[in-house]
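Chemist: Starting from these lines, generate the structure:
(chains A and B)
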Amino acid sequence: EDKVVQSPLSLVVHEGDTVTLNCSYEVTNFRSLLWYKQEKKAPTFLFMLTSSGIEKKSGRLSSILDKKELFSILNITATQTGDSAVYLCAVITQGGSEKLVFGKGTKLTVNP
Amino acid sequence: DAGITQSPRHKVTETGTPVTLRCHQTENHRYMYWYRQDPGHGLRLIHYSYGVKDTDKGEVSDGYSVSRSKTEDFLLTLESATSSQTSVYFCATQTGPFFNEQFFGPGTRLTVL
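Modeler: Purely as a prediction, here's the structure:
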């Protein structure tokens, strides 16, 4: 059974801290890994990672994929209260019936 | 966002009644998806569509059916709602031919009493 595991499940930090969120996966026929940010509404897309070792960056957020060790990390530097959200990791499996498998998310709370 | 709307946004219904949720998109995306999101389970795929009248099951499809008669509309039907189907339902669309970036609708909160 395909599985995506995120850790930690929740995290509380202070503004200015740097955080690292983890996503490990066990799936058949991996294609890509996606990161989403979900506040009190629908998830919004952050990154899609397909190749190992290539860092994707957007402002204070960055992410990298390790296809050998089957994990990805999402880094947020100089956190702000607006970064408070649930961060979702999802893996795309390829094959006859492609699908997206989500982890349960990491709830990040950034306190002022 | 990709011009995705869901209706209704909130619904309370009774066990055994049929319920239909609608997802409407204005971006002409070929692929559309229905997910449910529950505490402790994250997002789970119910059904998806890869074109008009072309649909397939996801991991939690039991008790649900879908229809796609037009590119812009993807309907999710609970034939006979049960309390276990109380959830938040998200529709999503996809820009490209394979799974890549998905855009999500605002969600529908369904409560089955």
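Chemist: what's across from A:S62 in the sheet?
Modeler: A:K57, A:N75 (DSSP bridges).
Chemist: On the strand side of things, show who the closest residue to chain A within chain B bridges to.
Modeler: As assessed by C-beta to the nearest C-beta, chain A sits closest to B:F104 within chain B, at 3.7 Å. C-beta here means a position set from N, CA and C on the backbone, and glycine is covered the same way. Assessed by DSSP bridges, B:F104 has beta-bridge partners B:A92.
Chemist: any chance you could map the strands in chain B?
Modeler: B:4-7, B:10-13, B:19-25, B:31-38, B:42-51, B:54-57, B:64-70, B:73-78, B:87-94, B:102-104, B:108-112 (DSSP state E).
Chemist: out of the ones you listed, nearest to A:K67?
Modeler: strand B:102-104 (21.2 Å; C-beta to C-beta).
Chemist: hmm, the lowest-mean-pLDDT helix or strand in chain A in reach of chain B?
Modeler: Within chain A, no helix or strand scores below strand A:99-102, which has a mean of 82 by mean pLDDT, DSSP states H and E. Yes - using C-beta under 8 Å from any C-beta of the partner chain, strand A:99-102 reaches chain B at A:K99, A:L100, A:V101, A:F102.
Chemist: Between these, which sits nearest chain B?
Modeler: For these, the closest approach to chain B (C-beta to the nearest C-beta) belongs to A:F102, at 4.1 Å.
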